[in-house]
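[1] Test case, fold it:
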Amino acid sequence: MPAPRNRAVKQPKASLKQAAPLFATSVVKLHAAQFSAAQAARPGRPRNPPFSRLAPTRLVYDPAKLVRATKTKPAFSTDEEARAELDERIRRLSLSSTSVVRALAMRLTCGDGEAPPASLAHPLYTRAFQRAQGSVLLVRTREAGAAGLEVKPFTLVWPAHAVHADELHDADPTRLIAWLRRLALKHLPRNPRGWLYAQLHGEYEARSNTFILHFHGIAAGDYLLALRGPVKAELKEEAKHLPKNPNTSDVRAPLLFQQLRDAPRQVSYVLQSWWPSRPVVMTPKGLKRVRAKRRIPEPYHSAYLVWLDRQSVAGLRLRMGLGSGG
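    Sure, this is the predicted structure:
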């Protein structure tokens, strides 16, 4: 006698945000409806510098060329790689049934000879920004070393900054930037030497269906001392009292520093713009986030691109002690 067929149990609405299936039709429809309504209420597009201002003919340092000179896997994409990524993004966006997403596909499409739109969702625009900002940071890194200031890249992951994938459209990056600014100012001396640059980045985690918003940055002088000392100690203590998420791995060290060994490569890592998906797997020691990075699955890949398109360069980065030219 054949075994009885298992019947699907209808989940209550309260469980939708706890563990949403990636390709469940109800989740996609709910996400599309929420996202379209939220975007319709948004103000005008942010003012980003035009592409022509981000692509100078002469750079003091060209980070892309310097990284490739190290004979390791390049961190900065080439024009060909950026164009291939653009084609893939347009293809995926065009397949959506959501008008806001399809509109972004049209916005990213530009004819031969046209400058890319000033959008952080456009790979050629973000590549130009990476090269321009990377050149400035490499100059400042060299100057700091000549002045006897220690320079180190860092990564800051604060668990409370995780955002459920269906609520990414409500995420306010300026709030996170202000949080980091206040944290640094709290522990800086009156007239600090050095500088700090930090940029917001994200990773998608399928198990918890969340975007892990975090910072990559580089700091020098008193800014580095503040981060490495009292800021790190404060975050480590506060992390002990945060609620645990059973669907993701714990953040044991919210603030990590690296030795400055390959400045072009490490600066390019700070400025990375591509958001990956990193799975969390169960190991004998508990949940662990694997190092392999993959493309974010739909519909959340399109959602993060539309969110990026609504952001400004200034709204995703923190600059302290760099002056107007940094």
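
[2] can you pull out the strands in the stretch 51-200 of the chain?
    Assigned by DSSP state E, counting those that start in this stretch, the stretch 51-200 of the chain shows strands spanning 151-156, 162-164, 194-205.

[3] Compile those into CSV and extend it with columns for distance to Ser52 and mean neighbour count.
    Using the backbone N, CA and C atoms, a C-beta is placed for each residue, glycine as well. Converted to CSV, those look like this (distance: least, CB to CB, whole Å; neighbours: other CB atoms under 10 Å):
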stretch, distance to Ser52, mean neighbour count
strand 151-156, 30, 20
strand 162-164, 33, 17
strand 194-205, 22, 23
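
[4] Of the ones you listed, which is nearest Ala239?
    strand 151-156 (11.5 Å; CB to CB).

[5] tell me the centre residue of this structure?
    In the chain, the residue lying closest to the centroid (CA atoms, centre = their mean) is His201, at 1.6 Å.

[6] ok, it - contacts?
    For His201, the contact set (CB atoms under 8 Å, 6 or more residues apart in numbering) comprises 213-216, 272, 275.

[7] Could you report the distance from it to His301?
    16 Å (CB to CB, to the nearest Å).

[8] got it, and Leu196?
    31 Å.

[9] Also Arg207?
    Counting by CB to CB, the gap from Arg207 to His301 is 17 Å.

[10] Just the helices from the stretch 201-326 of the chain, written as ranges.
    Taking DSSP state H, counting those that start in this stretch to define them, one finds helices in the stretch 201-326 of the chain at 222-226, 232-239, 263-270, 300-309.

[11] ok, now the stretch 51-200 of the chain?
    51-54, 63-68, 79-94, 99-108, 123-146, 173-186.

[12] Any chance of JSON lines for those, columns distance to Leu156, mean neighbour count and mean pLDDT?
    Putting these into JSON lines (distance: least, CB to CB, whole Å; neighbours: other CB atoms under 10 Å; pLDDT from 0 to 100) gives the following:
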{"stretch": "helix 51-54", "distance to Leu156": "26", "mean neighbour count": "16", "mean pLDDT": "80"}
{"stretch": "helix 63-68", "distance to Leu156": "22", "mean neighbour count": "20", "mean pLDDT": "64"}
{"stretch": "helix 79-94", "distance to Leu156": "26", "mean neighbour count": "16", "mean pLDDT": "93"}
{"stretch": "helix 99-108", "distance to Leu156": "29", "mean neighbour count": "18", "mean pLDDT": "95"}
{"stretch": "helix 123-146", "distance to Leu156": "17", "mean neighbour count": "20", "mean pLDDT": "92"}
{"stretch": "helix 173-186", "distance to Leu156": "7", "mean neighbour count": "15", "mean pLDDT": "96"}
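
[13] For Leu256, which of those helices is the nearest?
    Shortest distance between Leu256 and the helices of the stretch 51-200 of the chain, using CB to CB, is found for helix 173-186: 14.9 Å.

[14] distance between the closest one and the chain's centre?
    16 Å (CA atoms, centre = their mean, to the nearest Å).

[15] What of stretch 204-216?
    Distance of stretch 204-216 from its chain centroid, counting by CA atoms, centre = their mean, is 10 Å.

[16] average pLDDT for that stretch?
    Mean per-residue pLDDT for stretch 204-216: 92.

[17] again, but for stretch 148-157
    96.

[18] Only C-alpha atoms, please: export it in PDB.
    Extracted C-alpha coordinates of stretch 148-157, given in PDB (Å, rounded to 0.1, in the frame of the first residue of the first chain):
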ATOM      1  CA  GLY A 148      54.600  58.200  10.800                       C
ATOM      2  CA  LEU A 149      50.900  57.500  11.200                       C
ATOM      3  CA  GLU A 150      49.700  53.800  11.400                       C
ATOM      4  CA  VAL A 151      47.200  52.900   8.700                       C
ATOM      5  CA  LYS A 152      44.900  49.800   8.800                       C
ATOM      6  CA  PRO A 153      41.800  48.600   6.900                       C
ATOM      7  CA  PHE A 154      38.900  47.300   9.000                       C
ATOM      8  CA  THR A 155      35.500  45.600   8.800                       C
ATOM      9  CA  LEU A 156      32.700  46.400  11.100                       C
ATOM     10  CA  VAL A 157      29.700  44.100  11.300                       C
END
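
[19] Against Ile218, how distant is Leu318?
    11 Å.

[20] who's more crowded, those two?
    Ile218 (28 against 20; other CB atoms under 10 Å).

[21] OK, contacts around the residue lying closest to that one once chain neighbours are set aside?
    Nearest non-adjacent residue to Ile218, counting by CB to CB, 6 or more residues apart in numbering: Pro153, 4.6 Å away. Residues near Pro153 by CB under 8 Å, 6+ apart: 216-218, 257-258, 260, 266-267, 269-270.
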